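Peer 1: mind looking at a prediction? Sequence and model below.
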2 protein chains.
Amino acid sequence: MKPINVGLLGIGTVGGGTFTVLSRNQEEITRRAGRPIRIATVADRNTELANKIVDGKAKVTADAFEVVRDPEIDIVVELIGGYGIARELVLEAIANGKHVVTANKALLALHGNEIFAAAQKKGVMVAFEAAVAGGIPIIKALREGLTANRIEWIAGIINGTTNYILSEMRDKGLSFDTALKAAQALGYAEADPTFDIEGVDAAHKLTIMSAIAFGIPMQFEKAHVEGISQLTREDIAYAEELGYRIKLLGITRHTARGVELRVHPTLIPARRLIASVEGVMNAVLVKGDAVGHTLYYGRGAGAEPTASAVVADLVDVTRMHTADPEHRVPHLAFQADQLVDIPVLAIGDVETSFYLRMQVFDRPGVLADVARILADNGISIEAMIQKEPPEGVDKASIILLTHRVLERNVLAAIERIEQLATVDGAVTKIRLEELGN
Amino acid sequence: MKPINVGLLGIGTVGGGTFTVLSRNQEEITRRAGRPIRIATVADRNTELANKIVDGKAKVTADAFEVVRDPEIDIVVELIGGYGIARELVLEAIANGKHVVTANKALLALHGNEIFAAAQKKGVMVAFEAAVAGGIPIIKALREGLTANRIEWIAGIINGTTNYILSEMRDKGLSFDTALKAAQALGYAEADPTFDIEGVDAAHKLTIMSAIAFGIPMQFEKAHVEGISQLTREDIAYAEELGYRIKLLGITRHTARGVELRVHPTLIPARRLIASVEGVMNAVLVKGDAVGHTLYYGRGAGAEPTASAVVADLVDVTRMHTADPEHRVPHLAFQADQLVDIPVLAIGDVETSFYLRMQVFDRPGVLADVARILADNGISIEAMIQKEPPEGVDKASIILLTHRVLERNVLAAIERIEQLATVDGAVTKIRLEELGN
């Protein structure tokens, strides 16, 4: 049968992996897809490297626009990244009637609405399994596997760099800075790690999952994003003592008042399966009203795990290439005319439990003052530990876990607590989720 | 848009759940599927119960054959179970050009080849997500999400009853019989629990996953099946001491010599994520050559979790209802003319590690004799513990972990060990899998 022709834009880590996997598993992939999938052209600025990798098996060009305009190309795989030139290329590929497969979470989180509208109008598919959680088929699970459900919430460890750092901090008692350096030495963190450690990468992925789960447009700009760079090993140890682990979670929840969309360090019960996800591994926990809790676990990055998702999309698109658009799975799980615009809640309107840590001077009445302020703000206490100071120091640490409460109440309470003469410095606040219901 | 008409055969636990989920989430499901999915007719011998559940919203009949012959019905959902009448109904539905959705693992494991051939010939779909691991979309993951990969092996906790019993035995130090009674009291085990506790149910599900993973026909009759009824709390405790948990796993592996297809109690490292899957929960660990390890976790049984999978299949079939068969995902992941007949290995030809426990009279030279026999059979020892007897008893327990070795070598060694005058009674043998590569 006639092969389907793929134009590959970018032959870096994931592009190279895609080329390798397609070559190595060609026979099995063809047996599944029903026709061969062939990379016909590779576009990369580094044509020398590209030529070395493809070794004469595909055309190489430095001009990606040549590929998206080539009438011989059926599917364009965009692995360039970023949202400048990548956006232009994807839109032009769509305009030329080509299907697109992309691993570009930033592009979709920021320009997904525009891209999906263009694809819908032109009747082409844009597939993006590789954009979220690498090799884990989480987009397929959310979009097709759980269609029976009202999705209630999703909580995911969707950034391997930060999960590695947190695992190292907990296992070895390292500081954030030391663990980051270790991650960089191993290639798990980039030289400029900002996007990962500040939660931006996770927020991109969460934005995409939220849109699919709830049938809403991409709203990255409304996500609340906090990273892990302020976390201390002390907080990790205290959390452990209380039966919790700290993970950087991306959480999106459908509530009666709106959608929550937030990335931040989170205490979760150590006994939950997702709490045992260590190192660079990713996992996404999904709560549906019919299915209950399901969890999806695997490698969230790397050449071949990500290529696994790219190639799975290629097989899907190949199967549906000549089918009527009405038979296809909608880009965002819900039919394009059935998206709804549910507001994203400001973080102050989000209800969670909290871990609060403060340093207090060891004098009578301190705890009473703190407890009074919490009560005034409608915050009730679930657990408390007090850490006595070492000899000669007159400051003790108080660690509190609260019941569920609106964040704005906690912020108001913290402001007043920090004004107490008996409290030293700032109050540390970390959100806590039981992940039960 | 015109609704798609479903005929539901059997309105027991899963049938009732399917009716409930379709009604409750009708709006979201329609927004996803693009047209309403309506249960038009319900067939159940207990028409009184059926009428009570459907409450006038669907036709009720006692005659399931009426439904599979009804020209108004587009999709037949078979939830009767067993492989007598269910097989006839499914084949007749197919013969009448209807698509079929089924949760019937026994039917597919035993008659899947016949059923898929009939469906292929008639150009209809047979969907069966609910047949394996309840609400977890594992069929979709294997069939579509991991198409880029050569699947190397699958290891699954795919029977909630036995996992609940094993969890209780370990947590509370219960005997098998006591834990089984507790499971029965809670409705987690049936009055006649044989199919679950002897591993037959797990073997049905494993047979289906194996066929999809490797593109081979269903070969349930060649599966090696062992249950958990012979397991003792002592073995669970010794395994724990050595850093392992005992789970009933369904394992299928592609080797150069053939396919392994086996269900049996298995020691697995306690640090693996799947070792922490407790109670009635299911989990399937899949190793692919590109993606590495992925794991899928959730409820493997129950009304609504299983209904979640049934309804997801209904949405898939609804979308593809009028599409050309060539656009559809093949029943067994590989195109129907691309299945291959790889032999299933006899259990003696399977290579694993082993846990061996024996009682020995406390005399000099015992261990030397045992070690000699193991060495003679090419078995090397990975770890050993010796448990001294209580005061006044002259028998000690020896527990050995072996490196990987062919099972037939271990059986030969056990036969000789049991003949030693210094060894009392039978040697307990439990397979061990690291689940690493």
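Peer 2: Looks like it came in fine. Numbers count the residues shown, from 1 in each chain, chains lettered A, B, ... in the order given.

Peer 1: rest of the way, CA atoms for contacts and neighbours
Peer 2: Will do.

Peer 1: secondary structure element for the nearest residue to A:Leu435 once chain neighbours are set aside?
Peer 2: Excluding the flanking residues, the one nearest A:Leu435 by Cα to Cα, 6 or more residues apart in numbering or on different chains is A:Ile268, at 7.2 Å. Using DSSP states H and E, A:Ile268 sits in strand A:258-269.

Peer 1: neighbours of A:Val310, how many?
Peer 2: A:Val310 has 32 neighbours, counted by other Cα atoms under 10 Å in any protein chain shown.

Peer 1: got it, and A:Asp171?
Peer 2: Counted with other Cα under 10 Å, the neighbours of A:Asp171 add up to 10.

Peer 1: any idea how far it is from A:Glu240?
Peer 2: 11 Å (Cα to Cα, to the nearest Å).

Peer 1: now do A:Val132
Peer 2: 29 Å.

Peer 1: who has more neighbours, those two?
Peer 2: A:Val132 (30 against 17).

Peer 1: name the nearest residue to A:Val366, sequence neighbours excluded.
Peer 2: That would be A:Thr422: by Cα to Cα, 6+ apart, it lies 6.2 Å from A:Val366.

Peer 1: now the one helix or strand A:Leu180 maps to, how far from the centre of its chain.
Peer 2: A:Leu180 belongs to helix A:176-185 when assigned by DSSP H and E. Per Cα atoms, centre = their mean, to the nearest Å, the displacement of helix A:176-185 from the mean C-alpha position of its chain is 21 Å.

Peer 1: alpha carbons of that helix, as CSV, please.
Peer 2: Extracted C-alpha coordinates of helix A:176-185, given in CSV (Å, rounded to 0.1, in the frame of the first residue of the first chain):
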residue,chain,number,x,y,z
PHE,A,176,17.1,22.8,46.5
ASP,A,177,20.2,24.4,45.1
THR,A,178,22.3,21.2,45.5
ALA,A,179,19.6,19.0,44.1
LEU,A,180,19.2,21.3,41.1
LYS,A,181,22.9,21.1,40.4
ALA,A,182,22.7,17.3,40.5
ALA,A,183,19.8,17.4,38.1
GLN,A,184,21.8,19.6,35.7
ALA,A,185,24.8,17.4,35.9
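
Peer 1: domains for chain A, by residue range?
Peer 2: A:4-135+A:303-338, A:138-299, A:350-432 (automatic domain parsing).

Peer 1: okay, buried residues for the lowest-mean-pLDDT helix or strand in chain A please.
Peer 2: Across the helices and strands of chain A, mean pLDDT, DSSP states H and E gives its lowest value to strand A:381-387, namely a mean of 92. For strand A:381-387, a neighbour-count test (16 or more other Cα atoms under 10 Å in any protein chain shown) marks A:Ile381 as buried.

Peer 1: who does it touch, helix- and strand-wise?
Peer 2: Applying 3 or more Cα pairs under 8 Å, 6 or more residues apart in numbering or on different chains; DSSP states H and E, we find strand A:381-387 packed against strand A:395-402.

Peer 1: helix or strand for A:Arg431, which one?
Peer 2: Using DSSP H and E, A:Arg431 sits in strand A:423-432.

Peer 1: what's the closest non-adjacent residue to A:Leu206?
Peer 2: Per Cα to Cα, 6+ apart, closest to A:Leu206 is A:Gly250, 5.8 Å.

Peer 1: list the beta-bridge partners for that neighbour.
Peer 2: Using DSSP bridges, the bridge partners assigned to A:Gly250 are A:Gly156, A:Val263.

Peer 1: which residues touch it?
Peer 2: A:Ile154, A:Ala155, A:Gly156, A:Ile157, A:Ile158, A:Ala202, A:Ala203, A:Leu206, A:Leu261, A:Arg262, A:Val263, A:His264 (Cα atoms under 8 Å, 6 or more residues apart in numbering or on different chains).

Peer 1: ok, the nearest residue to the second one once chain neighbours are set aside to chain B distance?
Peer 2: In space, and not counting its chain neighbours, A:Ala155 is closest to A:Ile251: 4.5 Å by Cα to Cα, 6+ apart. To chain B, A:Ile251 is 19 Å away according to Cα to the nearest Cα, to the nearest Å.

Peer 1: residues contacting A:Ile251?
Peer 2: A:Ile251 is in contact with A:Trp153, A:Ile154, A:Ala155, A:Gly156, A:Leu206, A:Glu260, A:Leu261, A:Arg262, A:Val263, counting by Cα under 8 Å, 6+ apart.

Peer 1: for ChimeraX, what selects the buried ones among these?
Peer 2: Paste this into ChimeraX to select the buried members of these, with burial taken from 16+ other Cα under 10 Å:
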select /A:153,154,155,156,206,260,261,262,263
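
Peer 1: on that earlier part again, which helices and strands sit right next to the helix holding A:Leu180?
Peer 2: Checking 3+ Cα pairs under 8 Å, 6+ apart, helix A:176-185 ends up next to helix A:160-172.

Peer 1: by contact count, what packs against the helix it packs on?
Peer 2: Helices and strands touching helix A:160-172, by 3+ Cα pairs under 8 Å, 6+ apart, are helix A:176-185, helix A:194-197, helix A:233-241, strand A:244-255, strand A:281-288.

Peer 1: want to throw these into JSON lines with mean pLDDT?
Peer 2: JSON lines is the format used below for the helices and strands packed on helix A:160-172 (pLDDT from 0 to 100):
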{"stretch": "helix A:176-185", "mean pLDDT": "97"}
{"stretch": "helix A:194-197", "mean pLDDT": "97"}
{"stretch": "helix A:233-241", "mean pLDDT": "96"}
{"stretch": "strand A:244-255", "mean pLDDT": "98"}
{"stretch": "strand A:281-288", "mean pLDDT": "98"}
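
Peer 1: A:Arg363 - how many residues pack around it?
Peer 2: Neighbour count of A:Arg363, defined by other Cα under 10 Å: 11.

Peer 1: correct me if wrong: A:Tyr143 contacts A:Ala333.
Peer 2: Just so we're on the same page, residue A:143 is Arg rather than Tyr. Yes - taking Cα atoms under 8 Å as the definition, A:Arg143 is a contact partner of A:Ala333 at 4.7 Å.

Peer 1: neighbour count: the two, which is higher?
Peer 2: Shown here are A:Arg143 and A:Ala333; by other Cα under 10 Å, A:Ala333 has more neighbours (25 against 21).

Peer 1: residues contacting the more buried one?
Peer 2: Residues in contact with A:Ala333 (Cα under 8 Å, 6+ apart) are A:Leu142, A:Arg143, A:Glu144, A:Ile212, A:Ala213, A:Gly215, B:Arg32.

Peer 1: now for the residues you listed: which two are most distant?
Peer 2: For the contacts of A:Ala333, the maximum inter-member distance is 13.0 Å, found between A:Glu144 and A:Gly215 (Cα to Cα).

Peer 1: wait, which of the contacts of A:Ala333 is closest to B:Asp337?
Peer 2: Nearest to B:Asp337, judged by Cα to Cα, of the contacts of A:Ala333 is A:Glu144 at 26.2 Å.

Peer 1: the closest one contacts B:Asp316, correct?
Peer 2: Yes - taking Cα under 8 Å as the definition, A:Glu144 is a contact partner of B:Asp316 at 7.4 Å.

Peer 1: need the overlap of contacts for the two.
Peer 2: Between them, A:Glu144 and B:Asp316 share no contacting residue, judged by Cα under 8 Å, 6+ apart.

Peer 1: in space, what's closest to whatever residue of the stretch 1-150 of chain A ends up closest to chain B - neighbours in sequence excluded?
Peer 2: Nearest residue of the stretch 1-150 of chain A to chain B: A:Arg32, at 4.2 Å (Cα to the nearest Cα). Closest residue to A:Arg32 apart from its sequence neighbours, by Cα to Cα, 6+ apart: B:Phe334 at 4.2 Å.

Peer 1: got a list of what that neighbour touches?
Peer 2: B:Phe334 touches A:Arg31, A:Arg32, A:Ala33, B:Ile212, B:Gly215, counting by Cα under 8 Å, 6+ apart.

Peer 1: among these, which are in helices?
Peer 2: For the contacts of B:Phe334, the ones inside helices are A:Arg31, A:Arg32, A:Ala33, B:Ile212, with DSSP state H as the criterion.
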